[in-house]
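> could you work out the structure for the sequence below:
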Amino acid sequence: MATSENQVMVVGIDDSEHSMYGLEWTLDHFFAPFASNPPFKLFIVHAKPSAASAVGLAGPGAADVLPYVDADLKKIAARVVEKAKELCLSKSVNDAIVEVVEGDARNVLCDAVEKHHASILVVGSHGYGAIKRAVLGSVSDYCAHHAHCTVMIVKRPKIKH
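Residues are numbered from 1 along each chain as shown. Model (predicted):
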């Protein structure tokens, strides 16, 4: 069994509020209370889709837009990383490692678990219903079934009226 000083946590993020909530919740519960001696080494991973996958299999002229789509995806990734770093600093978590990896989020996160020998993977939940989840696919559902570690899915509480 791994000792607490070498356990690794991977947190998957994207440009959604749900994902940033998941990161913030994780920082509040696993890192902020242990500022001087956190129980995990933290890797924050953002999966940047490839331009080709974002455009899909389009007709003639699709290749012409790929550089523009890729530039936009890089800008989004930079914003996501900056937001994550700011959130970490606001919680006095200074040693998180933030990575951007190109690919499908499901594979990127499961690969990050393997690469870093993570003992836990944290992902936010978008709160999709069954139909939307079936059509779009659920990153959290995929990771829960395929990641070789504990998977924690952080759901944002519903606001009660």
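
> CA atoms for contacts and neighbours, from now on please.
OK.

> which residues of this protein fall in strands?
Counting by DSSP state E, the segments of the chain that form strands are 8-13, 41-48, 97-102, 120-124, 150-154.

> can you point me to the longest helix in this protein?
Of all segments of type helix in the chain, defined using DSSP state H, the longest is helix 62-90.

> quick one: buried residues of that helix?
66, 69-70, 73-74, 77, 80-81, 84-85, 87-88 (16 or more other CA atoms under 10 Å).

> chain center to it, what's the gap?
Taking CA atoms, centre = their mean, to the nearest Å, one finds helix 62-90 lying 13 Å from the centre of the chain it belongs to.

> okay, now the unreliable bits of this structure?
Across the chain, the ranges flagged by pLDDT under 70 are 1-6, 55-62, 127-137, 161.

> now with 80?
1-6, 35-36, 52, 54-64, 126-137, 159-161 (pLDDT under 80).

> contacting residues for residue 9?
Neighbouring residues of residue 9 by CA atoms under 8 Å, 6 or more residues apart in numbering: 40-43, 118-122.

> name the nearest of those residues relative to residue 150.
Of all the contacts of residue 9, residue 150 sits closest to residue 120, with 4.7 Å by CA to CA.

> correct me, but that closest one touches residue 12?
No. The pair residue 120 and residue 12 fails to qualify as a contact (CA atoms under 8 Å) at a distance of 11.0 Å.
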